[in-house]
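A.B. asks: Got a sequence here, can you model it:
(chains A and B)
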Amino acid sequence: AAGVIQSPRHLIKEKRETATLKCYPIPRHDTVYWYQQGPGQDPQFLISFYEKMQSDKGSIPDRFSAQQFSDYHSELNMSSLELGDSALYFCASTQDRENANTGELFFGEGSRLTVL
Amino acid sequence: LAKTTQPISMDSYEGQEVNITCSHNNIATNDYITWYQQFPSQGPRFIIQGYKTKVTNEVASLFIPADRKSSTLSLPRVSLSDTAVYYCLGYGSGNTGKLIFGQGTTLQVKP
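C.D. replies: Numbering: from 1, shown residues only, chains lettered A, B, ... in the order given. You can find the predicted model right below:
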């Protein structure tokens, strides 16, 4: 079965640079969530989109922005990178109508960002 | 969303049954309890979800007493591959679907 695809899987950047992470949800999933997980930390919710509109916002820094496109894929843009941005970034998707009953989000394998 | 509390870590041996209890004293009437499993450097994976009493699937069982202030995830006959972090989360349909992860339980299965 198709899963959530994230790219790139690994990314190394310098401080103050910019990075873009991409997420391709499971086909027919209309909702995308972004999470950040620092070393030894629990996943932290950043932002979510439903039908290409932002649906919820968590602890996402102002330096970060995201959007969901017409094909439902999503991109997380991170600017002025800081050392503390080094983390695993997970994208998850779900079909909103099903999620309302099951609470089941499907997570990708993550993108590991290292800021030097 | 319900605030949940679970043990930081647990040890077990292969073949044993493991029970991880989660406290959620302020769970809302409409909230479900959902459990996720996460292996190192992988995304969390849904295990099971329930509202009340007992739910069982091919992976685990979930016991939720009548007062719903706690829940217990039961993993039958664990193997080394069950070593992971387990998260208990409160989930309600009115929260835009996001999951808020608290501190999970690191289960270490030993041979």
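A.B. asks: For the rest of this, base every contact and every neighbour count on C-alpha atoms.
C.D. replies: OK.
A.B. asks: Near the closest residue to residue A:13 other than its chain neighbours, how many other residues are there?
C.D. replies: Among residues not flanking residue A:13 along the chain, residue A:115 sits closest, at 4.9 Å (C-alpha to C-alpha, 6 or more residues apart in numbering or on different chains). If you count neighbours by other C-alpha atoms under 10 Å in any protein chain shown, residue A:115 ends up with 19.
A.B. asks: pretty sure residue A:73 is in contact with residue A:26, am I right?
C.D. replies: No - using C-alpha atoms under 8 Å, residue A:73 is not in contact with residue A:26; the gap is 9.3 Å.
A.B. asks: Could you list the buried residues of the helix or strand of chain B with the lowest mean pLDDT?
C.D. replies: When each helix and strand of chain B is scored by mean pLDDT, DSSP states H and E, strand B:84-91 comes last, with a mean of 91. For strand B:84-91, burial by neighbour count (16 or more other C-alpha atoms under 10 Å in any protein chain shown) applies to B:84-91.
A.B. asks: got the residues of chain A near chain B?
C.D. replies: A:33, A:42-45, A:48, A:55-56, A:88, A:90, A:96, A:99-110 (C-alpha under 8 Å from any C-alpha of the partner chain).
A.B. asks: Filter those residues down to the ones in strands?
C.D. replies: A:33, A:44-45, A:48, A:55-56, A:88, A:90, A:106-107 (DSSP state E).
A.B. asks: Tell me which two in these are the farthest apart.
C.D. replies: Farthest-apart pair in those is A:55 and A:88; separation 22.2 Å (C-alpha to C-alpha).
A.B. asks: Which of the two has more residues huddled nearby?
C.D. replies: Counted by other C-alpha under 10 Å, residue A:55 and residue A:88 do not tie: residue A:88 has more neighbours, with 23 against 17.
A.B. asks: For the spatially closest residue to that one that is not a sequence neighbour, grab phi and psi.
C.D. replies: Once flanking residues are discounted, residue A:88 sits nearest to residue A:112: 4.4 Å by C-alpha to C-alpha, 6+ apart. The phi/psi pair for residue A:112 (degrees, to the nearest 10) reads phi -90, psi 120.
A.B. asks: Next, find the distance separating the residue sitting nearest the centre point of chain A from residue A:27.
C.D. replies: Compute the mean C-alpha point of chain A, and by C-alpha atoms, centre = their mean the closest residue is residue A:34, 3.0 Å away. Distance of residue A:34 to residue A:27, computed by C-alpha to C-alpha, to the nearest Å: 17 Å.
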